[in-house]
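heads up, no residue letters with this:
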């Protein structure tokens, strides 16, 4: 069996993608999907081997090992350059964006309400419980990007790797939330960070910042 290099796997995916865009055939689409899944598997294996080898090499250096673990847990993903250095505190940003929303509402208050020509007749009164297979499909590595929030009890990549062990508990929590019609209080928090819209802007001007919100998974 010929083992393709990472560059060759990428080229093959691009070739199949161009082919599928031309033909739009089901067979070419399936070939593209299979190639993309193979690419994801190869990249994940390569990444896992890299971090495993790096941890093994740094077991004798606690400082380097700690930095490596922080990188794996994505604790160093946001650098100081990403966060807008500003003289304003959290309350000042809260007042600014609250006033901004109020001004938009006041400016549009005199406009007529939208007219809907048709409405849905079906009412959703209950939510069907999720099965473990459905939750597994949502959590599986290729279903969604691996993103984490500082409020997460565990990193997302660890949840994906341990999905079989954690699946009954995650499914039970989801169904309890659907059944009781409420979100757990632990998930009603977010990390709010002001970010500059552009590095050319003045960080002391609140209008030059946008809000980045991170919610627990």
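Noted; the coordinates are in hand. It should be emphasised that the depicted structure is a prediction, and the values quoted were computed from it without experimental measurement.

Centroid-wise, who is the farthest residue in the protein?
Here the chain reaches farthest from its C-alpha mean at residue 110, the gap being 38.3 Å by CA atoms, centre = their mean.

Distance-wise, check that residue relative to residue 126.
40 Å (CB to CB, to the nearest Å). Every residue, glycine included, has its C-beta placed from N, CA and C.

Also residue 73?
In terms of CB to CB, residue 73 sits 39 Å off from residue 126.

Tell me which of those two has more neighbours.
residue 73 (15 against 8; other CB atoms under 10 Å).

Tell me which residue is most central in this structure.
residue 147 (3.9 Å).

Quick one: list the elements packing against the longest helix seen in the chain.
Counting by DSSP state H, the longest helix found in the chain is helix 26-57. Under the contact definition 3 or more CB pairs under 8 Å, 6 or more residues apart in numbering; DSSP states H and E, helix 26-57 sits against helix 6-23, helix 62-72.

what sits against residue 64?
residue 58 (CB atoms under 8 Å, 6 or more residues apart in numbering).

confidence score at it?
Residue 64 is assigned 76 on the pLDDT scale.

What distance do you get for it to residue 49?
Going from residue 64 to residue 49 by CB to CB gives 18 Å.

do the same with residue 121
For residue 121 relative to residue 49 (CB to CB), the value is 56 Å.

Looking at those two, which one has more neighbours?
Ranked by neighbour count (other CB under 10 Å), residue 121 and residue 49 place residue 49 first, with 10 against 5.

List the contacts of that one.
Counted by CB under 8 Å, 6+ apart, residue 49 has zero contacts.

try residue 69
So residue 69 contacts residue 55 (CB under 8 Å, 6+ apart).

residue ranges with poor pLDDT in this structure?
1-4, 74-87, 124, 141-145, 213-217 (pLDDT under 70).
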